[in-house]
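>>> Let's see this in three dimensions:
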Amino acid sequence: MIRRIVAVVFALLVPACAAVPVAPDWVAGTKAGAYPDEQFLIGVGQAESKPVAEDRAYAAVARVFKVEVTSQAKDWESYLTLEKRGKVQTERRLTLDSVTKVSTDKVLENVKIAETWHDRQTGLYSALAAMNRAAAQASFRNKIVELDEAIARDVKDARGAADKYLKVRGLRRAIRTLIARDTYNSDLRVVTGGRGVAADYSVAGLTGELEKLLNESIVVAVEVTGDQAETVRQAVMEGLAREGLPVTARGASGNGGNADLLVRGEARLWPADLPDPRFRYVRWCADFVIVNQGDQRVLGSVARSGREGHLNIPEATGRALKALQQEVSSALAKSLAEHIYGDPPSDAVPPQAACPKS
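Residues are numbered from 1 along each chain as shown. Next comes the predicted model:
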């Protein structure tokens, strides 16, 4: 009798156990038998919803490439530093974040969700993202060849150009393309286990060439009229240098001389009669234009104004001068950089004059 009961219980349990699905090997581990390492690069994501699990699987693959691109960034430091000069608008500046994002987007074009799994006991979804190494390698190599051709063309055009601005813009294009090329090469090293394609140029080398050209070829003079004209002029020149704009500011007597670009403007500072028993205030305003000395064409304009306060007028004046220097120099540096590099102006509409006419 006991044997018959045991047999019945066993017979009932076996179908129940067999009905429990077995999770794929990749859910709990780092390997996937159906996707061997030598052929595929994989990433696993888990979440309470399928879409989130798939996103996390994509992100797991992307992280592998991001680490490699970030390690490459030390070779780009000289140019990324140069890009910060003049505080060009964020969307036009090349930064490490923007480089890694482009790399990630391109990498994920070669990644697919290969499998998903839903654990009914825990409610968790798992997703397996897989990249075919051979297909990705072919894609990256083709892109590197295309970028190498563009780099060689831009370097040749820049070095052969007679116009200094065309030289600057050609070299800058080549460097930015070279950084993109380096990210593809970093991605290629990931999928091939360390084998990349050597480049004909280096970011550091071309950046050194660009900086030398900027420092030796582009001359900016500053001319100021109005209140404390020479003090303001010196302040603006110092501010441009502090911004790190890659130009040499010269102009001893307030005229343009042999400068390529002339920063010309008016600045005013005056006491503001405000009903404050403790503080004294000074208003300031500045209207500047950037002029191409060759054809006297106005390339950009800056108009700023403000108010600073302190316990006495001399201290308030000092603060006003410092505020003028910071705001005007930053705006002028951005406008100068846009012209030198050939970027579209950030201010589509010229600003209205900041200083009162009277």
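>>> would V197 count as being in a strand?
No - under DSSP: H, G, I helix; E, B strand; the rest coil, V197 falls outside any strand and is assigned coil.
>>> Is it in contact with N185, as I believe?
Yes - with contacts defined as Cβ atoms under 8 Å, V197 counts as touching N185 at a distance of 5.9 Å. C-beta here means a position set from N, CA and C on the backbone, and glycine is covered the same way.
>>> quick one, which of those two is more surrounded?
Neighbour count, other Cβ atoms under 10 Å: between V197 and N185, N185 has more, with 21 against 15.
>>> What's the separation between that one and R195?
From N185 across to R195, the span is 10 Å (Cβ to Cβ, to the nearest Å).
>>> again, but for P277
Relative to R195, P277 is positioned 75 Å away (Cβ to Cβ).
>>> Do a quick rundown of the helices in the stretch 1-150 of the chain.
For the stretch 1-150 of the chain, applying DSSP state H, counting those that start in this stretch gives helices covering 2-18, 25-28, 50-72, 77-84, 96-108, 133-160.
>>> circling back to that earlier point, now do the shared contacts for V197 and N185.
The contact sets of V197 and N185 overlap at I144 (Cβ atoms under 8 Å, 6 or more residues apart in numbering).
>>> weakest of the helices of the stretch 1-150 of the chain by average pLDDT?
Confidence, taken as mean pLDDT, is least for helix 2-18 of these (a mean of 47).
>>> and whichever strand or helix holds A221, which strands flank it?
Using DSSP states H and E, A221 maps to strand 219-226. Here strand 219-226 is paired, per DSSP bridges, with strand 248-249 (parallel), strand 261-272 (parallel).
>>> C-alpha coordinates for the next helix or strand after the longest one, PDB please?
Reading on from strand 261-272 to the C-terminus, the next helix or strand found by DSSP H and E is strand 280-292. What follows is the C-alpha trace of strand 280-292 in PDB, where atoms were taken according to Å, rounded to 0.1, in the frame of the first residue of the first chain:
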ATOM      1  CA  ARG A 280      26.500 103.200  -3.100                       C
ATOM      2  CA  TYR A 281      26.000 101.900  -6.600                       C
ATOM      3  CA  VAL A 282      27.700 102.300 -10.000                       C
ATOM      4  CA  ARG A 283      26.100 101.400 -13.300                       C
ATOM      5  CA  TRP A 284      28.200 100.300 -16.200                       C
ATOM      6  CA  CYS A 285      27.500  99.600 -19.900                       C
ATOM      7  CA  ALA A 286      29.600  98.500 -22.900                       C
ATOM      8  CA  ASP A 287      29.000  98.400 -26.600                       C
ATOM      9  CA  PHE A 288      31.600  96.600 -28.700                       C
ATOM     10  CA  VAL A 289      32.000  95.500 -32.300                       C
ATOM     11  CA  ILE A 290      34.500  93.100 -33.900                       C
ATOM     12  CA  VAL A 291      35.800  94.500 -37.200                       C
ATOM     13  CA  ASN A 292      37.700  92.700 -40.000                       C
END
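>>> Let me see the mean pLDDT of the helix or strand where K212 lies.
In the assignment (DSSP H and E), K212 maps to helix 203-217. For helix 203-217, mean pLDDT rounds to 87.
>>> Equivalent analysis for stretch 162-177, please.
Averaged across stretch 162-177, pLDDT comes to 92.
>>> Just give me how far that stretch sits from the chain centre.
Centroid separation for stretch 162-177 versus its chain: 18 Å, with Cα atoms, centre = their mean, to the nearest Å.
>>> Flag every buried residue along that stretch.
Judged by neighbour count (16 or more other Cβ atoms under 10 Å), stretch 162-177 contains these buried residues: Y165, K167, V168, R169, G170, L171, R172, R173, A174, I175, R176, T177.
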